[in-house]
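>>> got a sequence here, can you model it:
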Amino acid sequence: MSQSLRWGIIGVSEIAHDFCVALNLKFTRSEHEIVAVTSIDSPKGLTEQFARDHNIPKVWSDYHSLASDDQVEVAYISILNPLRYELCKMMIEYNKHIVCERPFCMNSRQMKEVLELAKKKGVFVMEGLWSRFFPVYRYLRELMNLTILNNVKEVYVKHGYNATSKERIVNKDCGGGVVLDIGIDAIQFVIFIYQEQPKSIKASGKINSVGVDLYVEVEMVFSGDRKATIICSGLQVFENQATVISKKGPICIPDYNCPTQLFGCNGAHEWSLISSTIPMNFRNSLGLRYEADEVMKCIRSGKLECEIVPAKEMLIITQICDEIRKQIGVRYDK
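Reported below is the predicted structural model:
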């Protein structure tokens, strides 16, 4: 049997395109194989074109067919947010491993149920927090483990882009809002640094006419009076940067959600990223290969979760999202 990890792609989204390009790079082609794709809510012909673009041999017309495909080991899910909960459960029932783009579920209740089912069935599940697999994050973890980056007292994250024309953000039926989009990126960075549930959360924001959050400011307090501030906007472009303040001074990470640079703590550091001639939809998204390679290592070693994105932290991040939405007045049906 081939040692390649065999992927089934569910949803032909922009990020799914980038993920498939990353999987098909020569750097990883011997380790990953895309064997099937499905997307039942896409315009006619789009899924077939996606398959041709990425050399995917099978196109299924429904989710059950892909779930029952014995060739598929792991499902990569990037369909609309409200549909992910039921689809994750379906894939687990068919014993498929899962990498699901963020948000993994719409709320912590759904996530708990999916995590419990995955544990019962013995399958690997992970939220696609691909930021954490970049070498910059590994370097940060090394600094923390060596206590070089210790006594962190403050974390600042500011992230913004113009999302006013993106239906998946501004439409409530799509499970929209910046909290469940770039808000998760910002929150996961804070939790990556502090590794615990906040003691308190104070949030404010701006909501559009259909009740979707397009701007949030959040202050969190952790044990030892350590603080974090995040500002996320779907209304304007910000410099997407994270700053960590410790006794050693500040560390600044440009493009913290897909970083290749770090400034501070003994100067500037930079990591190169493999290139491709294929157009991509998101900045530095070839870095999705880091995530895919780690998933393969986990699955091949029999792990049910990834130490870099542990289930405990997935749940903490989702619980923080729940509380932020509660405070600013965003409500979903489920």
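>>> any stretches of the stretch 1-150 of the chain with poor pLDDT?
1-2, 27-30, 148 (pLDDT under 70).
>>> what residues of the strand ranked longest in the chain count as buried?
In the chain, taking DSSP state E as the definition, the longest strand is strand 213-222. By neighbour count on 16 or more other Cβ atoms under 10 Å, the buried set for strand 213-222 is 213, 214, 215, 216, 217, 218, 220, 222. C-beta coordinates here come from the backbone N, C-alpha and C atoms, glycine included.
>>> equivalent analysis for stretch 43-62, please.
47, 50, 51, 54, 56, 58, 59, 60.
>>> if I look at the spatially closest residue to the fourth one that is not a sequence neighbour, how far off is residue 48?
On the basis of Cβ to Cβ, 6 or more residues apart in numbering, the spatially nearest residue to residue 54 that is not a chain neighbour turns out to be residue 20, at 4.2 Å. Computed with Cβ to Cβ, to the nearest Å, the distance linking residue 20 and residue 48 is 14 Å.
>>> burial measure for residue 191, as a count.
As a burial measure, residue 191 scores 23 neighbours (other Cβ atoms under 10 Å).
>>> what about it, which helix or strand?
Per DSSP states H and E, residue 191 falls inside helix 182-194.
>>> CA-only coordinates of the helix or strand following that helix in CSV, if you can.
Beyond helix 182-194 on the C-terminal side, the first helix or strand identified by DSSP H and E is strand 200-207. Extracted in CSV, the C-alpha atoms of strand 200-207 (Å, rounded to 0.1, in the frame of the first residue of the first chain):
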residue,chain,number,x,y,z
SER,A,200,-12.1,37.6,32.1
ILE,A,201,-13.1,38.8,28.7
LYS,A,202,-14.5,42.3,27.8
ALA,A,203,-15.6,42.8,24.2
SER,A,204,-17.2,45.5,22.1
GLY,A,205,-17.9,45.6,18.4
LYS,A,206,-19.9,46.8,15.3
ILE,A,207,-22.7,44.7,13.8
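>>> partner strands of strand 200-207 and their direction?
Here strand 200-207 is paired, per DSSP bridges, with strand 213-222 (antiparallel).
>>> hmm, who's touching the partner strand?
By Cβ atoms under 8 Å, 6 or more residues apart in numbering, the residues outside strand 213-222 that reach it are 163-164, 169-170, 177-179, 183, 190, 194, 196, 198-208, 227-235, 320, 324-325, 328, 330.
>>> now with 7 Å?
With contacts defined as Cβ atoms under 7 Å, 6 or more residues apart in numbering, strand 213-222 is touched by 177-179, 183, 190, 194, 196, 198-208, 227-235, 324-325, 328, 330.
>>> and the buried residues of strand 213-222, which two are furthest apart?
For the buried residues of strand 213-222, the farthest-apart pair by Cβ to Cβ is 214 and 222; their separation is 26.9 Å.
>>> for residue 306, see how far away the residue most central in space within the chain is.
Computing the C-alpha centroid of the chain and ranking residues by Cα atoms, centre = their mean puts residue 129 first, at 3.0 Å. Taking Cβ to Cβ as the measure, residue 129 and residue 306 are separated by 9 Å.
>>> and the helices in the stretch 101-250 of the chain?
Taking DSSP state H, counting those that start in this stretch, the helices of the stretch 101-250 of the chain run over residues 108-121, 135-145, 167-170, 182-194.
>>> the helix holding residue 191 - contacts with which helices or strands?
On a contact count with 3 or more Cβ pairs under 7 Å, 6 or more residues apart in numbering; DSSP states H and E, helix 182-194 meets strand 154-160, strand 213-222, strand 226-233, helix 311-328.
>>> I'd like the ones you listed as CSV, with mean pLDDT appended.
Below are those laid out as CSV (pLDDT from 0 to 100):
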stretch, mean pLDDT
strand 154-160, 97
strand 213-222, 98
strand 226-233, 98
helix 311-328, 98
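>>> among these, which is nearest residue 79?
Using Cβ to Cβ, the helices and strands packed on helix 182-194 put helix 311-328 closest to residue 79, at 17.9 Å.
>>> who touches the closest one?
With Cβ under 7 Å, 6+ apart as the criterion, helix 311-328 contacts 104-105, 107-108, 111-112, 115, 127, 179-180, 183-184, 187-188, 191, 197-198, 201, 203-205, 207, 213, 216, 218, 305.
>>> about what we covered before: in JSON lines: the helices of the stretch 101-250 of the chain, plus distance to residue 37.
Formatted as JSON lines, the helices of the stretch 101-250 of the chain follow (distance: least, Cβ to Cβ, whole Å):
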{"stretch": "helix 108-121", "distance to residue 37": "22"}
{"stretch": "helix 135-145", "distance to residue 37": "29"}
{"stretch": "helix 167-170", "distance to residue 37": "19"}
{"stretch": "helix 182-194", "distance to residue 37": "25"}
